[in-house]
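# Here is a sequence together with a model predicted from it:
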Amino acid sequence: MREQFTERLIRCVAGLACFGTGIAFFVRSELGVPPWDVFHQGISKHTGLGLGTVLIIVAFFVLLLWIPLRLRPGLGTLLNAIEIGLVENVAQDVIPQTDNIAIRIAFMVAGLCIIAAGSGLYIGAEFGSGPRDGLMLGLNMRFGVSVRAARTFVEITVMIIGIFLGGHIGVGTFVFALGIGPMVQITLRLFKMSRGSIDAAAAEASEQ
């Protein structure tokens, strides 16, 4: 049992590290970042804080919204709130900036693939949803709002706010929105996750 827990924890930590690294690749591509990160990027520009630091702060503010929704965070939820931002800060410093469009496109594609791999590992670990995904599920359980509607409303809202704050929307934003769902299903199968995990990812992908 302890070995199973350790394996799941390793999957979770590795998956979250992939998330942070993938976001950094999207940032360095300068072709647009995922919807939530448009919001994070806008806040970063106005506060002077690193993008990863903003990710952590926003995650904990989102967790405060879990209280009225009567949600309980899992170990994966707390790791999600902290690790992704820490890794993003480090990875963004390591990945070089470039004006070469071919390399920037490669960065965008790498970001999508790495985040998809991270999703496969993280979902398969089954340690609880992240702060932002938990918010969607909470709205569904508490008020009967469909997960699709909740996700669409929240992500469009934060993205629009992020645009006004100076966040970067671009082709990468739409590549992520359209590609992440199908890619996650592929990575779950590659990592030989349980049928239940694949079904959960399929359901999540349908909400993208």
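Okay, I see it. Predicted model only: the values in this text are computed from it and were never measured. Residues are numbered from 1 along each chain as shown.
# helices and strands of this protein: which one bottoms out on pLDDT?
Of all helical and strand segments in the chain, the minimum by mean pLDDT, DSSP states H and E falls on helix 195-205, at a mean of 49.
# for the protein, longest helix please?
Ranked by residue count, the top helix of the chain under DSSP state H comes out as helix 2-29.
# in that helix, what's buried?
If you call a residue buried by 16 or more other CB atoms under 10 Å, then helix 2-29 has these buried ones: 8, 11-13, 15-29. Where you see a C-beta, it was placed from the backbone N, CA and C, and this is true even at glycine.
# Following that helix in sequence, what is the next regular element?
helix 35-47 (DSSP states H and E).
# helices or strands up against that following helix?
helix 2-29, helix 51-66, helix 147-165, helix 171-190 (3 or more CB pairs under 8 Å, 6 or more residues apart in numbering; DSSP states H and E).
# Please state the offset of the shortest one from the chain centre?
When C-alpha coordinates are averaged (CA atoms, centre = their mean, to the nearest Å), helix 51-66 and its chain have centres 12 Å apart.
# cool, and stretch 20-31?
12 Å.
# same check, this time on stretch 116-133
Using CA atoms, centre = their mean, the offset of stretch 116-133 from its chain centre is 9 Å.
# What mean pLDDT does it get?
Here stretch 116-133 scores 87 as its mean pLDDT.
# CA atoms of that stretch as CSV?
Provided in CSV are the C-alpha atoms of stretch 116-133 (Å, rounded to 0.1, in the frame of the first residue of the first chain):
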residue,chain,number,x,y,z
ALA,A,116,-0.5,17.1,-21.6
ALA,A,117,2.0,14.6,-20.2
GLY,A,118,1.8,16.4,-16.9
SER,A,119,-2.0,16.1,-17.0
GLY,A,120,-1.8,12.4,-17.6
LEU,A,121,0.5,11.9,-14.7
TYR,A,122,-1.4,14.2,-12.3
ILE,A,123,-4.9,12.9,-13.1
GLY,A,124,-3.7,9.3,-12.9
ALA,A,125,-2.3,10.0,-9.4
GLU,A,126,-5.8,10.8,-8.2
PHE,A,127,-4.8,13.1,-5.3
GLY,A,128,-7.5,15.6,-5.9
SER,A,129,-8.3,18.4,-8.4
GLY,A,130,-6.3,21.6,-8.8
PRO,A,131,-7.7,24.8,-7.3
ARG,A,132,-9.1,26.1,-10.6
ASP,A,133,-10.6,22.8,-11.8
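# measure the residue nearest to the spatial centre of the chain to residue 116 for me?
With distances taken as CA atoms, centre = their mean, residue 19 lies nearest the centre of the chain, 6.1 Å away. Distance of residue 19 to residue 116, computed by CB to CB, to the nearest Å: 10 Å.
# Over to residue 182?
From residue 182 to residue 116 the distance is 9 Å (CB to CB).
# the more surrounded of those two?
residue 116 (26 against 12; other CB atoms under 10 Å).
# element containing the more buried one?
Residue 116 belongs to helix 101-125, assigned by DSSP H and E.
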